[in-house]
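S.K.: All I have is the shape, not the residue letters:
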DNA sequence: AGTTCCATGTCGCGG
DNA sequence: CCGCGACGTGGAACT
């Protein structure tokens, strides 16, 4: 990794055109070739960047970074205050837990937590426009398409609506109703769901994790 | 800004739980207090971060960053290879050009470039669920709701559909048809639009900018 | 390679 | 502060 702190101007020309007036900034070049220009504030996102793969050409006081799509990032150095480079080696990478996939796994194992009497038919039930998270049958024997989101927003309701259009076109399953599940369902999503006859429910992630805990699994 | 290069492990506990095994990384602390942990690769995004506002507590070999939402980022330093700090001052900020707002402005001034004979009634025409980009009237006097996107994808068609539902509920405008405009309309979006009787068109941004140029404005 | 969908999305604007 | 939509979204998974 290479670090340069310098007074510079920066121009990006690609999907849009952007310009940074002269100021002191940090320029970071990583081993994979990606370049990022950071100001001393404004969250972790750089002001400007160019992801790998790209080509970096260095002239006296000017770097030009070009990528295969023809986008360019031009850094004009007026004064370099500090510069260093170091080897850092490979990174073993980030271990994550608690994302949507986990929520889907938990609910597929305890569908009754979504709605009493609900029974799983299949997880990731395929349709021509993508898989439905859970396909279930309710206490009355009616097929239920379940869409699971961490946050329940309007997009998720639209997605479920498209699935239901398809599922109700062929009659192998009989009529299919929709059930929208999230840790929190936004007011707009609630309204849209209700308007379309889609049921919505909120579930508690920590509660589900408790049910799934190794202690309870002993029984 | 403060830069530390060190062998460290990192744990994030918040919206999810994440762990970084021991490796050499760069830790950046900006003037606004935000903290970012970078590996030497993997694009501009840090492996872990904590945005401002937050509190940083430093013990011997451990930093704990806490934010008001109760999320924590814990960095355990095993060996510090390099450390520095510098003043960079305020950044004048990024000047952008070429985004959706600009496209909307250009098209509102030249609606005939969308479709011959099209005349603007109002920009940002209000509906209960948000403003329609452009409300126009076509050569036959029929009202046209125009949705403008930089990239024409399925979401935009859904959005326009919702507007049309509302506009066609009250009959002050008479029947309203939809027109979906983007620099490029994806195949799926085309299909969905056509299926719903919505016209779609692609426009060339550079061409529109040419029309809008100061030279032509002299006439 | 093209497409879809998730994300600790982030960011900015308006109510 | 929340809601909502754009973003140079980026990135991964899957076809």
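M.R.: Arrived safely, thanks for sending. Because the structure is predicted, anything quoted here is derived from the model rather than measured.

S.K.: Need the per-residue pLDDT for the residue of chain A positioned farthest from its centre.
M.R.: Of all residues in chain A, residue A:60 sits farthest from the chain's C-alpha centroid, using C-alpha atoms, centre = their mean; the distance is 40.2 Å. According to the prediction, residue A:60 has pLDDT 88.

S.K.: name the element it belongs to?
M.R.: Here residue A:60, judged by DSSP states H and E, is contained in no helix and no strand.

S.K.: again, but for the one 3 residues further on
M.R.: Element membership of residue A:63, judged by DSSP H and E, is strand A:62-66.

S.K.: how about that strand, does it reach DNA strand D?
M.R.: No. Judged by C-beta under 7 Å from any atom of the strand, strand A:62-66 makes no contact with DNA strand D; its nearest approach is 8.7 Å. For glycine as for every other residue, the C-beta is placed from the backbone atoms N, C-alpha and C.

S.K.: could you point out which element follows that strand?
M.R.: Helices and strands here follow DSSP H and E; after strand A:62-66, the next one along the chain is strand A:72-85.

S.K.: The following helix or strand past that next one near DNA strand D at all?
M.R.: In the C-terminal direction, the helix or strand that comes right after strand A:72-85 (DSSP H and E) is strand A:95-97. No. In this structure, strand A:95-97 remains apart from DNA strand D according to C-beta under 7 Å from any atom of the strand; the gap is never smaller than 10.2 Å.

S.K.: for stretch A:19-39, same thing?
M.R.: No. For stretch A:19-39 and DNA strand D, the contact criterion (C-beta under 7 Å from any atom of the strand) is not met; the two come no nearer than 7.7 Å.

S.K.: Name the residues linked to residue A:151 by a beta bridge.
M.R.: As for beta bridges, residue A:151 partners with residue A:184 under DSSP bridges.

S.K.: List the contacts of it.
M.R.: By C-beta atoms under 8 Å, 6 or more residues apart in numbering or on different chains, the contact list for residue A:151 reads A:182, A:183, A:184, A:186.

S.K.: thinking again about what came up before, listing partners with orientation, what would you give for the strand holding residue A:63?
M.R.: Strand A:62-66 sits in its sheet next to strand A:55-58 (antiparallel), strand A:72-85 (antiparallel), going by DSSP bridges.

S.K.: Give me whichever of those strands is most buried.
M.R.: Of these, the one with the most neighbours on average (mean count of other C-beta atoms under 10 Å in any protein chain shown) is strand A:72-85, at a mean of 15.

S.K.: who's in contact with that strand?
M.R.: With C-beta under 8 Å, 6+ apart as the contact definition, strand A:72-85 has outside contacts at A:1-14, A:22, A:24, A:27, A:35, A:37, A:48-50, A:61-66, B:82, B:84, B:86.

S.K.: near DNA strand C, which residues of chain A?
M.R.: Where chain A comes near DNA strand C, counting by C-beta under 7 Å from any atom of the strand, the residues are A:42-45, A:94, A:96, A:99-101, A:129-130, A:149-150, A:155-156, A:159.

S.K.: Output the below-cut-off pLDDT ranges for chain A.
M.R.: By pLDDT under 70, the weakly predicted segments of chain A are A:98, A:212-219.

S.K.: counting contacts, what elements does the longest helix seen in it pack onto?
M.R.: Under DSSP state H, the helix in chain A containing the largest number of residues is helix A:154-167. When contacts are defined as 3 or more C-beta pairs under 8 Å, 6 or more residues apart in numbering or on different chains; DSSP states H and E, helix A:154-167 sits against strand A:143-152, strand A:176-185, helix A:187-195, helix B:154-167.

S.K.: any bit of it sitting next to DNA strand D?
M.R.: Yes. Counting by C-beta under 7 Å from any atom of the strand, DNA strand D is contacted by helix A:154-167 at residue A:154.

S.K.: Quick one: check stretch A:6-21 for contact with chain B.
M.R.: Yes. For stretch A:6-21, a contact with chain B is found by C-beta under 8 Å from any C-beta of the partner chain, at A:15, A:16, A:17, A:18, A:19, A:20, A:21.

S.K.: Quick check: closest non-adjacent residue to the fourth one.
M.R.: Here the nearest residue to residue A:18 in space, its sequence neighbours aside, is residue A:12; by C-beta to C-beta, 6 or more residues apart in numbering or on different chains that works out to 4.4 Å.

S.K.: Cool, thanks, talk later.
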